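Novice: Here is a sequence with its predicted model. Questions after.
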Amino acid sequence: MSGTRLRRSTFLGVPLDPLTMEESVARCRELIAAGRPAQHVVLNAGKCVLLEDEPDLRAIIAGCDVVNADGQSVVWAARWLGVPVPERVAGIDLMERLLGVAAAEAWPVFFLGAKDEVLADFEAEVRRRLPHLIVVGRRNGYFRPDEEPAVAEVVRASGARLLLVAISSPLKERFLARQLHRMGPLLAMGVGGSFDVWAGRTSRAPRFMQRTGLEWFYRFLQEPRRMWKRYLVGNARFIRLVLRRGSKADRIVG
């Protein structure tokens, strides 16, 4: 995407970059090369619903440098509303691609989030897959608001160029909005439950369920008591949001 104008669109009132996986990787590489703090974020059905309950998050997402459609439901809904999203860019897949680039380009990487035991297993799996990756630090995701500046300073002092953040929303977005400027020239990327998957604590849906937009249902079957409200109630709310916006086609803004 070097030299190409970023085609930023809006979806349900927030920015969305209609990028392919390859374009997303290229954009992230450009941001890391630019030598300034930058942030990547994803939109899925759950986050779109969260934005209705937490309207201050809209401004945070609007300030992010890359906003990908992670969730087939967002891709389908965006296309129905006239936003030309070419494909789903799943956060866990982009994370894997960027870790590979980081290993090849010698970008130092910092892992932030999850529990200590999950972090340890995640890092062990990363080192198994990518033995040349430079890991400069890791920290669990459990800290108080008054500890945030110290956490940001640890990240800055590490010299990381890529920061992977496995903290739940909206805590992750608010933490980065407050502290990203303290962390030095890096790309911060929220990765959801990706640490747990690589650590072997949870598993991804089969490929056919990913392709057909049923990955959420697979997650629901794994943890029905914890996920029923998030997915069944949340997805119903997401559908209502899309239908309500259906008579007002979103427009290209960038």
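Specialist: Here it is on my side, so go on. Numbering: from 1, shown residues only.
Novice: May I have the one helix or strand residue 27 maps to as PDB, with CA atoms only?
Specialist: Element membership for residue 27 (DSSP states H and E) is helix 21-34. Output of helix 21-34 as PDB, limited to C-alpha atoms (Å, rounded to 0.1, in the frame of the first residue of the first chain):
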ATOM      1  CA  MET A  21      -5.200  -9.100   4.600                       C
ATOM      2  CA  GLU A  22      -2.300  -8.300   2.400                       C
ATOM      3  CA  GLU A  23      -3.100  -4.600   2.400                       C
ATOM      4  CA  SER A  24      -3.500  -4.700   6.200                       C
ATOM      5  CA  VAL A  25      -0.100  -6.300   6.600                       C
ATOM      6  CA  ALA A  26       1.400  -3.600   4.300                       C
ATOM      7  CA  ARG A  27      -0.300  -0.800   6.200                       C
ATOM      8  CA  CYS A  28       1.000  -2.100   9.600                       C
ATOM      9  CA  ARG A  29       4.500  -2.400   8.100                       C
ATOM     10  CA  GLU A  30       4.300   1.300   7.000                       C
ATOM     11  CA  LEU A  31       3.100   2.400  10.500                       C
ATOM     12  CA  ILE A  32       6.000   0.600  12.200                       C
ATOM     13  CA  ALA A  33       8.500   2.000   9.700                       C
ATOM     14  CA  ALA A  34       7.100   5.500  10.300                       C
END
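Novice: so what secondary structure elements neighbour the next helix or strand along the chain from that helix?
Specialist: The element immediately downstream of helix 21-34 (helix or strand, assigned by DSSP H and E) is strand 38-43. Contacts defined by 3 or more C-beta pairs under 8 Å, 6 or more residues apart in numbering; DSSP states H and E place strand 38-43 against helix 21-34, strand 66-69, strand 187-190. No exception for glycine: its C-beta is placed from N, CA and C like everyone else's.
Novice: Let me know the angle separating strand 38-43 from helix 21-34.
Specialist: 150 degrees (axes from the mean of the first three to the mean of the last three C-alpha atoms, to 10 degrees).
Novice: Touching strand 38-43 from outside, list them.
Specialist: Here strand 38-43 makes contact (C-beta atoms under 8 Å, 6 or more residues apart in numbering) with 11, 14, 16, 28, 31-32, 61, 63-71, 74, 89, 91, 94, 173, 176, 180, 186-190, 192.
Novice: Kindly write the PyMOL command that selects the buried subset of these.
Specialist: Only the buried entries of these go into this PyMOL selection, using 16 or more other C-beta atoms under 10 Å:
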select buried, resi 11+14+16+28+31+32+61+64+65+66+67+68+69+70+71+74+89+91+94+173+176+180+186+187+188+189+190+192
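Novice: Tabulate the helices and strands packed on strand 38-43 in TSV, adding columns for distance to residue 132.
Specialist: Converted to TSV, the helices and strands packed on strand 38-43 look like this (distance: least, C-beta to C-beta, whole Å):
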stretch	distance to residue 132
helix 21-34	17
strand 66-69	25
strand 187-190	19
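Novice: So for residue 134, which of the ones you listed sits nearest?
Specialist: Across the helices and strands packed on strand 38-43, residue 134 has its closest neighbour in helix 21-34 (13.4 Å, C-beta to C-beta).
Novice: Buried residues in the closest one, which are they?
Specialist: 21, 23, 24, 25, 26, 27, 28, 29, 30, 31, 32.
Novice: Over to stretch 118-128?
Specialist: Buried residues in stretch 118-128 (16+ other C-beta under 10 Å): 118, 119, 121, 122, 123, 126.
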